[in-house]
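Participant: build me a model:
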Amino acid sequence: MSAIVDALLAELDDQALEQLAERLRPYLGGNDGWLDVKAAAAYAGCTVPALRYAMAKGEVEFEQRVAGGKAYFQRAALDRWRQAS
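Facilitator: Numbers count the residues shown, from 1 in each chain. Predicted structure coming up:
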């Protein structure tokens with residue numbers, strides 16, 4: 001990276017970096033692969049119990065192959081949940 005880009009990134013706070021990431025998302029290949037509960041919680045910046053609570057309340061979208069089985073999440077769904085909270 002150039003020194004200008006490095007300097008700019010160093011000046012951005014977390015909120016500005018999140019906004020930048022959201023604007024760049026369409027240019028980054030669009031891979032929104034599935035995450036398990038542990039990876040989804042890490043991505044969302046919460047604990048696994050907090051994510052499971054949101055699942056139980058119907059606040060976050062997820063899929064299961066069988067009822068009571070392993071849950072899977074997409075990043076876009078987690079992003080929507082974080083923005084709504």
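Participant: flag every buried residue along the helix-or-strand element of the chain with minimal mean pLDDT.
Facilitator: Ranked by mean pLDDT, DSSP states H and E, the weakest helix or strand in the chain is helix 14-24, scoring a mean of 79. By 16 or more other C-beta atoms under 10 Å, helix 14-24 has no buried positions at all. The C-beta positions use only the backbone N, C-alpha and C, and glycine is treated the same way.
Participant: now what about the helix or strand that comes right after it, what contacts it?
Facilitator: Downstream of helix 14-24, the next assigned helix or strand under DSSP states H and E is strand 34-35. With contact meaning C-beta atoms under 8 Å, 6 or more residues apart in numbering, strand 34-35 is reached by 43, 63, 72-75, 78.
Participant: farthest from the middle of this structure: give me that residue.
Facilitator: Ranked by distance from the centre of the chain (C-alpha atoms, centre = their mean), the top residue is Ala3, with 29.0 Å.
Participant: tell me where the protein has strands.
Facilitator: 34-35, 63-64, 71-74 (DSSP state E).
Participant: residue contacts, Lys70?
Facilitator: Per C-beta under 8 Å, 6+ apart, neighbours of Lys70: 36-37, 64.
Participant: Ala50: which of the contacts of strand 34-35 is nearest?
Facilitator: Of all the contacts of strand 34-35, Ala50 sits closest to Leu78, with 12.0 Å by C-beta to C-beta.
Participant: please name the nearest non-neighbouring residue to Thr47.
Facilitator: Ala41 (6.0 Å; C-beta to C-beta, 6 or more residues apart in numbering).
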